[in-house]
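A.B. asks: Quick one: sequence plus predicted model below, questions after.
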Amino acid sequence: MRSLCADLSAEDGVDPRLLARGGNTDDRRKTWQLCSQVHDSLRLILAEAADERLQALEVREVLPVPNAAQLLVLLVPLDPLGDEERQATEAALNSAAGWIRSEVTRDITRKRAPRLLLQLLPGVPKTVS
């Protein structure tokens, strides 16, 4: 039973009363669709960025926090970064945040653009299997 409680699902953090109504499934579907659109858009935007530090980032996940008005973007460097490199990459990411949001706004089909919270996660070395 504890293992089930430890697993995260798409419904975690959602008011159970909203789940029972059943009418809210379309909103959740649209929210996850938006997350997917932003994920795809960010992959292209970062690949086209002039700054090599931004090109070396991979979009790991885009999550609504707490709803579609604000999205948490989890980014991972392709190669592990040292402390100085990490700080320089975070600075480059912060300075490009406005440009990134405007490019995402151009790519997605939404009346209002979501606020993007860009978070750089520590790089995990890829293992060859």
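C.D. replies: Here it is on my side, so go on.

A.B. asks: Please name the bridge partners of the closest residue to Leu57 other than its chain neighbours.
C.D. replies: Counting by Cβ to Cβ, 6 or more residues apart in numbering, the nearest residue to Leu57 once its immediate chain neighbours are dropped is Leu75, at 4.7 Å. The way it works is simple: take the backbone N, C-alpha and C, and place the C-beta from them, glycine included. Here Leu75 shows beta-bridge partners Val59, Leu120, assigned using DSSP bridges.

A.B. asks: Thought Glu90 was touching Leu75, still the case?
C.D. replies: No. Using Cβ atoms under 8 Å, Leu75 is not in contact with Glu90, being 9.8 Å away.

A.B. asks: Let me see the ranges of the strands in the protein.
C.D. replies: For the chain, applying DSSP state E gives strands covering 57-64, 70-77, 115-120.

A.B. asks: could you dump the last one to CSV, C-alpha only?
C.D. replies: Written as CSV, here are the backbone C-alpha positions of strand 115-120 (Å, rounded to 0.1, in the frame of the first residue of the first chain):
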residue,chain,number,x,y,z
ARG,A,115,4.1,32.2,-17.2
LEU,A,116,7.2,29.9,-17.5
LEU,A,117,9.2,28.9,-14.4
LEU,A,118,12.5,27.7,-15.9
GLN,A,119,14.4,25.4,-13.5
LEU,A,120,17.8,23.9,-14.3
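
A.B. asks: Give the other helices and strands that the top helix by length along the chain contacts.
C.D. replies: What stands out as the longest helix in the chain, according to DSSP state H, is helix 25-48. Other elements packing on helix 25-48 under the criterion 3 or more Cβ pairs under 8 Å, 6 or more residues apart in numbering; DSSP states H and E are helix 52-55, strand 57-64, strand 70-77, helix 97-107.

A.B. asks: Recalculate using a threshold of 10 Å.
C.D. replies: For helix 25-48, the contact count by 3 or more Cβ pairs under 10 Å, 6 or more residues apart in numbering; DSSP states H and E identifies helix 16-21, helix 52-55, strand 57-64, strand 70-77, helix 97-107, strand 115-120 as packing neighbours.
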